[in-house]
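K.L.:
what's the 3D shape of this:
(one chain, ligands or ions: 1)
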Amino acid sequence: MAQKILVTGGTGYIGSHTVVELQNAGYEVVIIDNLSNSNIGVLDGIEAITGKRPVFFEGDCTDMNTLRKCFEENPGINGIINFAASKAVGESVQKPLLYYRNNLNTLMNLLQLMPEFGTKGIVFSSSCTVYGEPDVNPIDETAPIKPATSPYGNTKQISEEIIKDYIKSGAPIKSILLRYFNPIGAHPTAKIGELPLGVPQNLVPYLTQAAAGIRKELTVFGNDYNTPDGSCIRDYIDVVDLAKAHVIAIKRILDKEDTDPVEIFNLGTGRGLSVLELIASFERATGVKVPHKIGDRRAGDIEKIWADPKKANEVLGWTAVVPIDETMKNAWAWQCHVTEK
Ligand code: WQD
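P.N.:
Numbers count the residues shown, from 1 in each chain. Here you go, the predicted structure:
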C-alpha cells in the first residue's frame with residue numbers, strides 16, 4: 001500500500017511542487033493549508049500535471065483541534081513535510097508575534113500529534129538564513145549558526161532546536177532539516193508556480209513582473225558589494241530540483257532504519273550567481289529584456305552566500321540538475337501564464 005504523506009502548506013509555492021513529485025513517486029498525499037497565501041486553484045494544476053487530485057483539508061495548523069481533526073479524518077499518515085509557515089522577512093519585523101505564532105505553534109502541534117497517530121518522520125523546511133553572512137563560501141552544514149537578523153530567521157533557528165530537543169527527549173520520530181538556499185522557477189508545464197501577493201519582495205518574481213511590464217523596472221539593490229560585478233551573490237536553486245529532494249528525504253526517514261534521528265542538509269547548487277548574472281541569464285534564455293536600474297543597497301542583505309551541497313549529493317544521492325537558463329525560461333512561462341489569466 002502506498003505510504004501517506006501529510007504536506008502542510010501544500011498549496012503554496014514549494015509545497016505544490018513537492019506534492020507533484022510525491023504523487024509522481026507513488027505516495028498518497030494529504031494537503032492541509034489555510035489558503036492564507038495560496039489559492040485552491042493550485043489543486044487543478046497539480047491534477048493536470050499528475051493526473052491525480054490530492055486530498056485537501058482546509059485548516060490552520062496552529063489550531064490543535066483542527067489539526068487533530070485532519071489526522072483523524074486521514075488515518076495512517078506515515079510522514080509529514082512541513083511547509084506551513086509565514087516567510088516574508090520584512091513582514092516578520094513588523095509582525096513578530098504572527099511569525100512566532102504561525103511558525104512555532106504549527107511545528108509544535110505537528111510534533112505533539114505525531115507519536116499519538118504513529119507518524120514516524122517529519123521533513124522540515126529550514127533556510128540558509130541560519131548561517132547569516134558566512135565567513136567562507138561555499139558553506140557546509142558544520143558552519144556556525146549566526147544570530148538571526150529577523151523574527152522570520154529566528155523562527156527557523158528555534159524550529160531546528162525544537163525538533164532536536166524533542167527527539168533528544170525520546171520522542172519516537174525522526175526528522176530531516178533541509179536548509180534551502182534561494183528557490184526560484186516554476187514547473188516546466190507552467191501549470192504551477194509562485195503566486196506572490198502584492199508587490200513581490202523576492203528577486204525572480206519581481207524580475208518576471210518587470211519583464212512582463214507589470215512593474216516599471218527592477219531595482220538592483222546595490223552594485224558596490226565586494227563581488228566581481230558589485231551585486232550580491234546567491235545560490236539559486238530550481239524549485240523542481242528542490243521538490244525532488246523532499247521526496248528523497250521523506251523516503252530516507254520512513255524506509256531506512258540505520259540513519260541518525262536528526263539529519264541536516266544544505267539544498268543548493270554549489271554555484272553562486274550575482275543579481276546581474278541572473279538578469280543576463282533571463283535575457284539570454286527568453287530573449288526578453290528586463291528593464292532595470294541600480295539602486296541603493298537593501299538593509300539587512302547578505303553580500304554573498306552559496307552552498308556546499310556535498311553532503312546532500314553524497315548522502316541523499318541528490319544533485320540539483322536544472323540549468324539556470326532552463327529555470328529562467330520556466331519562470332517566464334509561468335509569468336506569461338499568470339498574466340494571460
Ligand atoms: C535575492 C537577491 C537582493 C529583489 C530570501 C529569504 C531568505 C531565504 C533566502 C528562505 C538579493 C536582490 C531582490 C529586488 C534585488 N529564504 N534583489 N532587487 O534576500 O537572498 O533571501 O531567500 O528562508 O530568508 O529572505 O532573496 O530574492 O529577496 O533577494 O536586487 O527587487 O536579489 O538584494 O541580493 P534573499 P531575495
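
K.L.:
hang on, Phe124 packs against Lys174?
P.N.:
No: in this structure Phe124 lies outside contact range of Lys174 using C-beta atoms under 8 Å: 11.3 Å. All C-beta spots, glycine's among them, are computed from the backbone N, C-alpha and C.

K.L.:
the two: who's more crowded?
P.N.:
Higher neighbour count among Phe124 and Lys174: Phe124, with 25 against 21, using other C-beta atoms under 10 Å.

K.L.:
so that one is in which element?
P.N.:
Secondary structure from DSSP states H and E places Phe124 in strand 121-127.

K.L.:
before we move on, what SS does Ile237 have?
P.N.:
Following DSSP: H, G, I helix; E, B strand; the rest coil, Ile237 is assigned to strand.

K.L.:
which ones are touching the residue in the stretch 51-200 of the chain positioned nearest to the ligand?
P.N.:
Closest to the ligand within the stretch 51-200 of the chain is Ser127: 3.0 Å, counting by C-beta to the nearest ligand atom. Neighbouring residues of Ser127 by C-beta atoms under 8 Å, 6 or more residues apart in numbering: 153, 156, 179-180.

K.L.:
could you restrict those to the ones contacting the ligand?
P.N.:
Among those, proximity to the ligand is found for Tyr180 (C-beta under 6 Å from any ligand atom).

K.L.:
out of the contacts of Ser127, list just those in strands.
P.N.:
179-180 (DSSP state E).

K.L.:
for the ligand, what are the nearby residues on the stretch 201-341 of the chain?
P.N.:
Within reach of the ligand by C-beta under 6 Å from any ligand atom, the stretch 201-341 of the chain has these residues: 201-203, 206, 218-221, 232, 234, 275, 298, 301.

K.L.:
give me the subset of those lying in helices.
P.N.:
Counting by DSSP state H, the part of those found in helices is 203, 206, 275.

K.L.:
who wins for most neighbours among these?
P.N.:
Neighbour tally across those (other C-beta under 10 Å): the maximum, 25 neighbours, falls on Val275.

K.L.:
and the residue nearest to that residue when sequence neighbours are not counted, what does it touch?
P.N.:
Using C-beta to C-beta, 6 or more residues apart in numbering and skipping the chain neighbours, the partner closest in space to Val275 is Ser231 (3.9 Å). Residues near Ser231 by C-beta under 8 Å, 6+ apart: 220-223, 225, 274-276.

K.L.:
if we go to 6 Å?
P.N.:
For Ser231, the contacting residues are 220, 223, 274-276, by C-beta atoms under 6 Å, 6 or more residues apart in numbering.

K.L.:
against Lys329, how distant is it?
P.N.:
Per C-beta to C-beta, to the nearest Å, Ser231 is found 22 Å from Lys329.

K.L.:
CA atoms of stretch 58-77 as PDB?
P.N.:
Only the C-alpha atoms of stretch 58-77 are listed here, as PDB (Å, rounded to 0.1, in the frame of the first residue of the first chain):
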ATOM      1  CA  GLU A  58      -8.700  23.400   4.600                       C
ATOM      2  CA  GLY A  59      -7.500  24.400   8.000                       C
ATOM      3  CA  ASP A  60      -4.900  26.200  10.100                       C
ATOM      4  CA  CYS A  61      -2.200  24.000  11.700                       C
ATOM      5  CA  THR A  62      -1.800  26.500  14.600                       C
ATOM      6  CA  ASP A  63      -5.100  25.300  15.800                       C
ATOM      7  CA  MET A  64      -4.700  21.900  17.600                       C
ATOM      8  CA  ASN A  65      -8.300  20.900  17.300                       C
ATOM      9  CA  THR A  66      -8.300  21.500  13.500                       C
ATOM     10  CA  LEU A  67      -5.000  19.600  13.100                       C
ATOM     11  CA  ARG A  68      -6.200  16.700  15.200                       C
ATOM     12  CA  LYS A  69      -9.300  16.500  13.000                       C
ATOM     13  CA  CYS A  70      -7.100  16.300   9.900                       C
ATOM     14  CA  PHE A  71      -5.200  13.400  11.400                       C
ATOM     15  CA  GLU A  72      -8.400  11.700  12.500                       C
ATOM     16  CA  GLU A  73     -10.100  12.100   9.000                       C
ATOM     17  CA  ASN A  74      -6.900  10.800   7.300                       C
ATOM     18  CA  PRO A  75      -5.800   7.800   9.300                       C
ATOM     19  CA  GLY A  76      -2.400   6.300   8.700                       C
ATOM     20  CA  ILE A  77      -0.200   9.300   7.900                       C
END
